[in-house]
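# quick one, what's the 3D model for this:
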Amino acid sequence: MNLAEHLRTLPPNPRVVVSGNHATPWHTLALLDAALPSYRLWALNGQPGLPDREGVLLETSFVGPGMRRSPRLSYVPSRLSLVPTLFASVMPPDAVVIHTTRPRHGKVSLGTEVNVLPAAIEAVRRRGGVVIAQVNERMPWTYGDAELDVALLDVMVEADGPLTYAPGTAIDDESAQIGGLVAERVTDGATLQAGIGAVPDATTHGLAGRRGLRIWTEMFSDSVLALERAGSLDTTAPIIASFLFGSEELLDWADGNDRVRMTRTEVTNDPGRIAQNPAMVSVNTALQVDLFGQANASRIRARIHSGFGGQTDFIVGALHSTGGQAIIALRSWHPKADVSTIVPLVDEPVTSFQMSAVVTEQGVAQIFGLDQTEQARQLIEHAAHPSVREELREEAVELGLVARAPGDQGPTT
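Sure, this is the predicted structure:
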């Protein structure tokens with residue numbers, strides 16, 4: 001059967017899981033959208049260009065820019081490591097649309113995006129649903145869970161075309177300060193959760209002199225390639241990730257590189273497996289951190305911005321690693337909102353808490369192992385912007401985190 005015939009076998013209003021992040025099979029998704037009057041489209045970190053019309057319900061556990069402001073968004077809170085459990089239980093897919101290489105020796109590769117897709121394919125095969133692959137000669141061949149037997153595919157749509165690449169990230173002074181402070185905490189032989197952006201790139205610059213570093217991460221970008229070229233990585237250890245995004249040079253390096261092991265989410269993000277890595281260093285960011293050491297990385301004014309993602313998975317895993325540490329790195333002042341990111345009490349749902357340290361361009365606030373008074377003091381004195389420190393001290397007293405100074409009766413009416 002061809003694509004149109006397979007789509008006609010789907011039930012009314014089917015759930016379609018599609019490759020997310022920066023591996024969306026745009027050509028095939030457009031064909032599907034034209035053929036189905038209504039359906040539920042499940043994508044992780046959906047990018048601009050996703051179908052967003054009456055009849056299409058956008059489902060996700062991590063909101064991307066292509067879904068964020070849609071009136072038809074259905075956000076399902078979940079740790080990323082548990083999304084496969086959703087597919088196997090309450091959110092079974094009827095179709096899965098993936099973006100792969102062309103077949104070789106009876107296999108295709110998912111290339112840059114593995115993530116939750118193997119679990120989705122397994123769930124849809126159990127239900128007798130449809131697996132559709134857009135095959136693209138430009139998709140890099142990666143190994144591990146990225147490799148799929150062509151027998152799992154019901155139809156292949158040929159659509160060669162350029163992939164999405166990440167522009168170079170400019171490292172400003174504040175990012176450089178934060179990255180440098182994070183790098184100081186990383187020792188030789190540590191295992192890194194790497195990310196994308198100015199702070200991870202700045203951290204990488206500070207790690208060029210380290211040796212024997214390992215990578216166990218949800219995703220990676222050109223910062224890992226920079227560590228490889230600096231001789232900082234343990235060349236005997238595989239580079240474990242679930243998806244990647246970066247420059248054309250990065251994708252060329254990953255193509256056919258058997259050290260890059262693309263791994264399904266329920267493995268990469270399993271806190272127990274993360275904890276088995278020596279000196280695991282997890283670096284995440286947040287929108288706000290409060291004086292109780294709670295981080296909001298998900299919502300802005302009650303509107304969902306992203307979701308848990310892998311933050312909760314990696315914080316727990318890193319803290320249970322021997323010599324591990326979980327770091328929240330962010331600017332002390334939000335440049336767009338023009339507000340402090342260190343706040344008395346987050347007024348949004350908490351994404352994570354009990355990290356090892358909070359790092360801003362102002363310094364390092366130690367969190368883990370300190371009582372609530374010292375945690376608050378650390379955040380005020382070492383992470384908060386100087387312009388809000390006095391206000392935060394007053395709020396800390398009102399919250400009962402810090403004792404009132406002798407003779408200070410507090411505000412009068």
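# which phi and psi does the closest residue to Gly323 other than its chain neighbours have?
Spatial nearest neighbour of Gly323, chain neighbours left out: Ala279 (4.0 Å); criterion: C-beta to C-beta, 6 or more residues apart in numbering. No exception for glycine: its C-beta is placed from N, CA and C like everyone else's. Dihedral angles of Ala279 (phi, psi; degrees, to the nearest 10) stand at phi 50, psi 50.
# cool, the one 5 residues further on as well?
Backbone torsions for Asn284, taken as degrees, to the nearest 10, come to phi -130, psi 170.
# what's near enough to touch the residue nearest to Gly323?
Neighbouring residues of Ala279 by C-beta atoms under 8 Å, 6 or more residues apart in numbering: 187, 189-191, 321-324.
# tell me which element Gly20 falls in.
Taking DSSP states H and E as the definition, Gly20 sits outside all helices and strands.
# that one reaches Leu110, doesn't it?
No - counting by C-beta atoms under 8 Å, Gly20 does not reach Leu110; the two are 11.8 Å apart.
# of the two, who's got more company?
Remark: of Gly20 and Leu110, Leu110 carries more neighbours, 28 against 25, as counted by other C-beta atoms under 10 Å.
# so who does that one touch?
19, 23, 98-100, 117, 142, 145-148, 262.
# any chance of the residues you listed in TSV, plus pLDDT?
TSV is the format used below for the contacts of Leu110 (pLDDT from 0 to 100):
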residue	pLDDT
Ser19	96
Ala23	97
Ile98	98
His99	98
Thr100	98
Leu117	98
Thr142	98
Asp145	98
Ala146	98
Glu147	98
Leu148	98
Met262	98
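# most neighbours, which of the residues you listed?
Neighbour-wise, the contacts of Leu110 (other C-beta under 10 Å) top out at Leu117, 31 neighbours.
# quick check on it: phi, psi?
Per-residue torsions, Leu117: phi -70, psi -40 (degrees, to the nearest 10).
# pLDDT below threshold where in the protein?
406-413 (pLDDT under 70).
# all helices for it, in order.
Along the chain, the segments classed as helices by DSSP state H run 3-8, 26-35, 83-88, 117-126, 173-183, 198-206, 222-229, 248-254, 265-268, 271-275, 311-320, 372-378, 389-398.
# would a markdown table of those helices with distance to Asp154 be doable?
Shown next, in a markdown table, are the helices of the chain (distance: least, C-beta to C-beta, whole Å):
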| stretch | distance to Asp154 |
| --- | --- |
| helix 3-8 | 6 |
| helix 26-35 | 12 |
| helix 83-88 | 17 |
| helix 117-126 | 9 |
| helix 173-183 | 46 |
| helix 198-206 | 38 |
| helix 222-229 | 34 |
| helix 248-254 | 27 |
| helix 265-268 | 23 |
| helix 271-275 | 32 |
| helix 311-320 | 32 |
| helix 372-378 | 54 |
| helix 389-398 | 58 |
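# domain ranges for this structure?
Listed by automatic domain parsing, the domain ranges of the chain are 9-158, 173-398.
# with distance to Pro167 added, can I get those domains in a markdown table?
Compiled in a markdown table, the domains of the chain are given as follows (distance: least, C-beta to C-beta, whole Å):
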| stretch | distance to Pro167 |
| --- | --- |
| domain 9-158 | 12 |
| domain 173-398 | 8 |
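# for Tyr165, find the nearest of those.
Tyr165 sits nearest to domain 173-398 of all these, at 5.2 Å, using C-beta to C-beta.
# now the end-to-end length of that closest one.
End-to-end distance for domain 173-398: 35 Å, by C-alpha to C-alpha, to the nearest Å.
# contacting residues for Arg303?
So Arg303 contacts nothing (C-beta under 8 Å, 6+ apart).
# quick check: it vs Leu41, distance?
Remark: distance between Arg303 and Leu41 (C-beta to C-beta, to the nearest Å) = 20 Å.
# doesn't His305 make contact with Phe62?
No - at 10.3 Å, Phe62 does not count as touching His305 under the criterion of C-beta under 8 Å.
# who has more neighbours, these two?
Phe62 (26 against 15).
# which residue sits closest to that one, ignoring its sequence neighbours?
Per C-beta to C-beta, 6+ apart, closest to Phe62 is Gly307, 4.2 Å.
# with Ile215 instead?
Leaving aside its sequence neighbours, Ile215 sits nearest to Ile239 (C-beta to C-beta, 6+ apart; 4.5 Å).
# show me what contacts that neighbour?
Neighbouring residues of Ile239 by C-beta under 8 Å, 6+ apart: 215, 220, 224, 233, 259-261.
# one more time with 10 Å, if that's ok
Ile239 sits next to 194, 214-217, 220, 224-225, 227-228, 233, 254, 257, 259-263 when contact means C-beta atoms under 10 Å, 6 or more residues apart in numbering.
# with Thr322 instead?
When contacts are counted by C-beta under 10 Å, 6+ apart, Thr322 touches 275-280.
# of the residues you listed - the most surrounded one?
Sorting these by how many neighbours each has (other C-beta under 10 Å) puts Met280 first, at 25 neighbours.
# ok, now which ones touch Arg127?
Going by C-beta under 10 Å, 6+ apart, Arg127 touches 11, 92-95.
# give me the subset of those lying in strands.
With strands defined by DSSP state E, the entries of the contacts of Arg127 inside them are Ala95.
# columns distance to Glu54 and neighbour count on top of the contacts of Arg127, output as TSV?
Below are the contacts of Arg127 laid out as TSV (distance: C-beta to C-beta, whole Å; neighbours: other C-beta atoms under 10 Å):
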residue	distance to Glu54	neighbour count
Pro11	19	11
Pro92	24	16
Pro93	22	26
Asp94	20	21
Ala95	20	26
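# let me have the contacts of Arg127 in JSON lines, extended by distance to Leu287.
Putting the contacts of Arg127 into JSON lines (distance: C-beta to C-beta, whole Å) gives the following:
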{"residue": "Pro11", "distance to Leu287": "39"}
{"residue": "Pro92", "distance to Leu287": "33"}
{"residue": "Pro93", "distance to Leu287": "31"}
{"residue": "Asp94", "distance to Leu287": "35"}
{"residue": "Ala95", "distance to Leu287": "34"}
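# could you single out the nearest of the contacts of Arg127 to Met156?
Closest to Met156 out of the contacts of Arg127 is Ala95 (14.2 Å), distances taken as C-beta to C-beta.
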